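1. Make a model of this:
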Amino acid sequence: MIAHLRGTLLEKHPNQVIVETGGVGYDVLIPVSTFSSLPDAGSEVRLRIHTHVREDALALYGFLTAEEKTLFERLISVSGFGPKLAITVLSGLNTADLVFAIRNGHVDQLVRIPGVGKKTAERMVLELKDKLEGVGPTGVAGGAEKPAALLSVVDQDVLSALMNLGCNRAAAEAAVRKAKAAGTETEFEPLFRKSLELVR
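-> This next block holds a predicted model:
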């Protein structure tokens with residue numbers, strides 16, 4: 001099984017890259033979080049790989065961090081959860097926010113991820129709540145500390161709107177944080193307008 005890939009980044013897209021190593025181009029599926037941190041095409045890249053084998057297909061899923069890969073593998077252990085949905089979930093929330101939402105049963109936050117309905121979100125919480133040791137921020141009292149930069153429900157709505165306009169997640173999230181730091185009202189419309197001005 002392929003567990004690690006190092007080579008030249010030939011192409012990159014929000015959910016897919018092609019990495020050339022040893023004269024072979026590997027098609028690797030990735031979450032948006034990995035895409036946002038990739039170097040420019042033509043640069044060397046190292047990806048942690050999960051090789052997914054089915055009777056009719058072999059697919060490679062790549063991640064820049066061990067934490068992303070671990071979370072992906074925990075997600076696909078959930079009943080009815082395939083690797084494509086796991087990639088979508090990892091693309092919808094950053095690792096810290098996702099772990100916090102699962103550990104604390106924040107179904108309302110999970111259902112905002114495209115493709116995740118209430119039953120799926122509840123299943124994620126039920127099956128993973130106690131299986132995320134060592135992943136994401138941990139706290140005392142058997143729970144998780146709220147990440148300092150956790151986005152609120154309104155923040156998530158603004159982030160989603162910016163991404164629908166074509167902004168990548170990292171740039172959109174940075175713009176939302178800058179808008180809030182500038183003292184912008186936390187209602188959707190003023191926060192969205194200010195974030196749109198600040199996005200790069």
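2. give me the low-pLDDT residue ranges for the chain?
-> 134, 136-151, 200 (pLDDT under 70).
3. So what does residue 174 have for phi and psi?
-> The phi and psi torsions at residue 174 (degrees, to the nearest 10) take the values phi -60, psi -40.
4. Tell me which residues are up against stretch 118-135.
-> 67, 70-71, 74-75, 77-81, 85, 89, 95, 99, 102-103, 105, 107, 110-111, 116 (C-beta atoms under 8 Å, 6 or more residues apart in numbering). C-beta: built from backbone N, CA, C; applies to glycine.
5. Buried only: go through those for me.
-> 67, 70-71, 74-75, 78, 81, 85, 89, 95, 99, 102-103, 107, 110-111, 116 (16 or more other C-beta atoms under 10 Å).
6. Which ones among those residues map onto helices?
-> 67, 70-71, 74-75, 85, 89, 95, 99, 102-103, 107, 110 (DSSP state H).
7. can you redo those as CSV with distance to residue 58?
-> Shown next, in CSV, are those (distance: C-beta to C-beta, whole Å):
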residue, distance to residue 58
67, 25
70, 21
71, 22
74, 22
75, 20
85, 19
89, 22
95, 26
99, 29
102, 29
103, 33
107, 34
110, 30
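8. Just the closest of these to residue 165, please.
-> Nearest to residue 165 among those is residue 89, at 21.6 Å by C-beta to C-beta.
9. Can you tell me how far the closest one is from residue 113?
-> 6 Å (C-beta to C-beta, to the nearest Å).
10. for the protein, what spans make up the helices?
-> Using DSSP H, helices in the chain cover 32-36, 66-75, 83-92, 95-103, 107-110, 118-128, 153-164, 169-181, 188-198.
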